[in-house]
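# need a 3D model of the sequence below.
(chains A and B)
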Amino acid sequence: MLLCDFHIHTTYSDGSVELGRVIDLYGQAGFDVIAITDHVVNGDNLLGKLAQRFRFSVRGDNFDEYMAAVQQQARRAWDKYGMLVIPGVEISKNHISIDMSAHILVLDVKEFIPACMSYEKIFLEAKRQDAITVACHPHHLSDNSRDTLYLWNNRDKYARHIDAWEIANRDDVFNVISLKKYHYIANSDFHKPRHLYSWKTLLNCEKDVESVKQCIRHNKGVAITLFRN
Amino acid sequence: MTTQIFSALTAVGLLCYGLQLWSIRAAAQKQENNEGIQTDYTPPISILKPLKGLDDNLFDNLESFCHLDYPRYELIFALQDMNDQACKVAQKVKNKYPGKDIRIVAKRCNAGLNPKVNNLMAAYDAAKYEYILISDSNVQAGRQYLKSTVSPMNDPNVGLVSNLIEGVGGRTAGSVLENLHMNSFIMGSVCFLDRFLKLPCVVGKSMLMRKKDLEAIGGLHGVKDVLAEDYLLGKKMGESGKRVVLSPYRIQNVNHYWGIKKFLNRHTRWGKLRWKIGGAKYVSELAANPVFTSAMPLFILGPVRSAIMLALFTSMLKIAGDLYIGKETGTGMHPLSYLLVPLKDILIGLIWFVPIFSQGVAWRGNKYIIGKDSVLSPYTVSRSLAWKYRIVNSIRERFA
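Residues are numbered from 1 along each chain as shown, chains lettered A, B, ... in the order given. Modelled structure (predicted):
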């Protein structure tokens, strides 16, 4: 089984650890597959504007630089640790109301996707890029300041566009995903070194990007594990 | 009067510290000049690596042992459980170097109370060479490590060779404090004891022995119920008439992401060890902490001029001295991190008192009571204390 984490932030957005060190932290711990998913924040309201102003977001003007850095580190991670690194982003639509907010992981992203686009357009664009979409922390979290409920509240409309839902995020487990029988993965939402020890995904597939994507999409051979030291 | 007394104590502490600096410098020069290394003496060696959980930099630590410049050696990764997080890392290192003689031995063993010794038992049985090197999972070694360490073994009277350890890395406050302490007090004390008192201090992170010598002193079974198995092996080896040698070759203990709690926990545990082993000699450790003794008048008299001057002067000297050691040994720590030296020494001074009042130790998820010569016994909570712990735990859970 491949030990995986598909939700990791670096100093390209609001993570506290630089990209190279994140790769080393996961590589030294024996991980097989990770995805770097820094925030792309919507700039159409004050919250988003502040996030962009303080550089807590990947933006259109630095997306190529971000991708180049991730790809360079991906080569290093493969050579040194035999660890697969998938470039991604976390499209973050933040609003004052938690019922209006949603975060979507786009794994194996190729081109910039602005977060102020409509949900339909975001999903279509992700599909065009043959990327995987994951609904992040879709239900109430223990730290309720991070709650993002829009996708869950509108699941009837959007579930068909979503490849998988986070059934566990860091320390939280969302039983509603299980009850609805949605496709699932579990991630750390890594921002600090201590977040390494949290919920993770185990995949029973080959260690290459296409196999990993297929495994998540079909959701066969997927397990979750609480990674502790 | 108070200031004068503590000034005198501080002067004694600074003198001890000066001697430590001198002995570290001498050891560093010895390593630089490759003194006493016989490159033609290279018997095959079995390296036993007890693994439990993820240490900082574990992959690199294990990988560094695949790059040793040595003709014949085997590497045995020892685990109690295939589900241990370290097993996956060990497997990755093994897969990366298919040409190296690497084995993973996973076997549960509850022979004693020391988890490291339990972990080593099966690996020891599996080792195929006469020379055994016990090397902790949290150390990284340079290419010449084996050649340098095995050199003294050419003398049949030498029974055990240990190495100097330096702390490197440090991306959090806890790890910076840890590395500062490893590179000043720990390294200084080991070098000082070896040079001036001719008492080689065995550091368990690296111990090279012959199987026949180890078995003659009771083998690993003889140290299965003590916390300081390294100290006891050295002591028994000395008593059996074999010499214990400290190799000047330094290996690195990589600490990147330690919290302050982990730093305090380790040094409280080590303090308890030294208190149970050294007895009255443990007092000398406090005297050898000039920053702490120089800060005492500040605690007692408050911020009077003479007390402030004494504490400031001593702290500056200590910072300069530790910076010098860092430069001399090439630990690569950021110069500004040395500003934490006074804080670290005061914390160490405060936890010096803990062993006098407490005998419990927590180590890798296990709790023990530590007795004379670091003999372990299971930690049991008396009925009156059990209520206290139950209340504290329920409060902790409530606020978690």
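# just the strands in chain A please.
With strands called from DSSP state E, chain A shows them at A:2-8, A:33-41, A:84-93, A:102-107, A:132-135, A:164-169, A:172-173, A:184-187, A:199-203, A:222-226.
# so which of those is nearest chain B?
Evaluated over those, closeness to chain B peaks at strand A:2-8, with 6.7 Å, by C-beta to the nearest C-beta. Yep, even glycine has a C-beta here, placed from its N, CA and C like the rest.
# and the worst-scoring helix or strand of chain A on mean pLDDT, how far from the chain's centre?
Of the helices and strands making up chain A, the lowest-confidence element is helix A:46-53, at a mean of 77, by mean pLDDT, DSSP states H and E. Here helix A:46-53 is found 20 Å from its chain centre; the criterion is C-alpha atoms, centre = their mean, to the nearest Å.
# for that helix, buried residues please.
A:47-48, A:51-52 (16 or more other C-beta atoms under 10 Å in any protein chain shown).
# reformat these as TSV; add distance to residue B:14.
Output for the buried residues of helix A:46-53, formatted as TSV (distance: C-beta to C-beta, whole Å):
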residue	distance to residue B:14
A:47	56
A:48	58
A:51	52
A:52	54
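# point me to the residue of chain A nearest chain B.
Counting by C-beta to the nearest C-beta, chain A gets nearest chain B through residue A:30, at 3.7 Å.
# tell me the contacts of the nearest residue to residue B:170 once chain neighbours are set aside?
Leaving aside its sequence neighbours, residue B:170 sits nearest to residue B:176 (C-beta to C-beta, 6 or more residues apart in numbering or on different chains; 4.3 Å). For residue B:176, the contact set (C-beta atoms under 8 Å, 6 or more residues apart in numbering or on different chains) comprises B:170, B:333, B:337, B:340.
# grab the nearest non-local neighbour of the third one.
Distances taken as C-beta to C-beta, 6+ apart put residue B:176 closest to residue B:337, at 4.8 Å, once the chain neighbours are dropped.
# so residue B:70, which state does it fall into?
Here residue B:70 is coil, with the state taken from DSSP: H, G, I helix; E, B strand; the rest coil.
# for the residue nearest to residue B:337, give its distance to residue A:64.
36 Å (C-beta to C-beta, to the nearest Å).
# repeat that for residue B:135.
45 Å.
# who's more crowded, those two?
residue B:135 (24 against 11; other C-beta atoms under 10 Å in any protein chain shown).
# correct me, but that one touches residue B:146?
No - with contact defined as C-beta atoms under 8 Å, residue B:135 does not reach residue B:146; the gap is 10.1 Å.
# spell out which parts of chain A neighbour chain B.
A:3, A:21, A:25, A:27-30, A:81-82, A:193, A:227-229 (C-beta under 8 Å from any C-beta of the partner chain).
# which of those lies closest to residue B:245?
Of all the residues of chain A next to chain B, residue B:245 sits closest to residue A:28, with 32.4 Å by C-beta to C-beta.
# now the closest one: closest residue in space, sequence neighbours ignored.
Per C-beta to C-beta, 6+ apart, closest to residue A:28 is residue B:59, 4.4 Å.
# so the one you found is in which element?
Element membership for residue B:59 (DSSP states H and E) is helix B:58-64.
# can you name every helix or strand that that helix contacts?
helix A:19-28, helix B:85-96, strand B:139-140 (3 or more C-beta pairs under 8 Å, 6 or more residues apart in numbering or on different chains; DSSP states H and E).
# what does that helix contact?
Residues contacting helix B:58-64 (C-beta under 8 Å, 6+ apart): A:27-30, A:81, B:49, B:51, B:55, B:77, B:86, B:89-90, B:92-93, B:96-97, B:137-142, B:254.
# using PDB, list the CA coordinates for that helix.
This file holds the C-alpha atoms of helix B:58-64, laid out as PDB (Å, rounded to 0.1, in the frame of the first residue of the first chain):
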ATOM      1  CA  LEU B  58      15.700   9.100   9.700                       C
ATOM      2  CA  PHE B  59      16.100   8.400   5.900                       C
ATOM      3  CA  ASP B  60      19.300  10.300   5.700                       C
ATOM      4  CA  ASN B  61      20.600   8.800   9.000                       C
ATOM      5  CA  LEU B  62      20.100   5.300   7.700                       C
ATOM      6  CA  GLU B  63      21.300   6.200   4.200                       C
ATOM      7  CA  SER B  64      24.600   7.600   5.500                       C
END
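# returning to that earlier point: now the buried members of the contacts of helix B:58-64.
Burial by neighbour count, 16+ other C-beta under 10 Å: within the contacts of helix B:58-64 this picks out A:27-30, A:81, B:49, B:51, B:55, B:77, B:86, B:89-90, B:92-93, B:96, B:137-142, B:254.
# residues touching residue B:13, list them.
B:287-290, B:293-294.
# quick one: it and chain A, what's the gap?
36 Å (C-beta to the nearest C-beta, to the nearest Å).
# run through the residues that contact the residue lying closest to that residue once chain neighbours are set aside.
Using C-beta to C-beta, 6+ apart and skipping residues adjacent in sequence, the residue nearest residue B:13 is residue B:290, 3.2 Å away. Residue B:290 makes contact with B:10, B:13-14, B:16-17, B:314, B:317-318, B:345, according to C-beta under 8 Å, 6+ apart.
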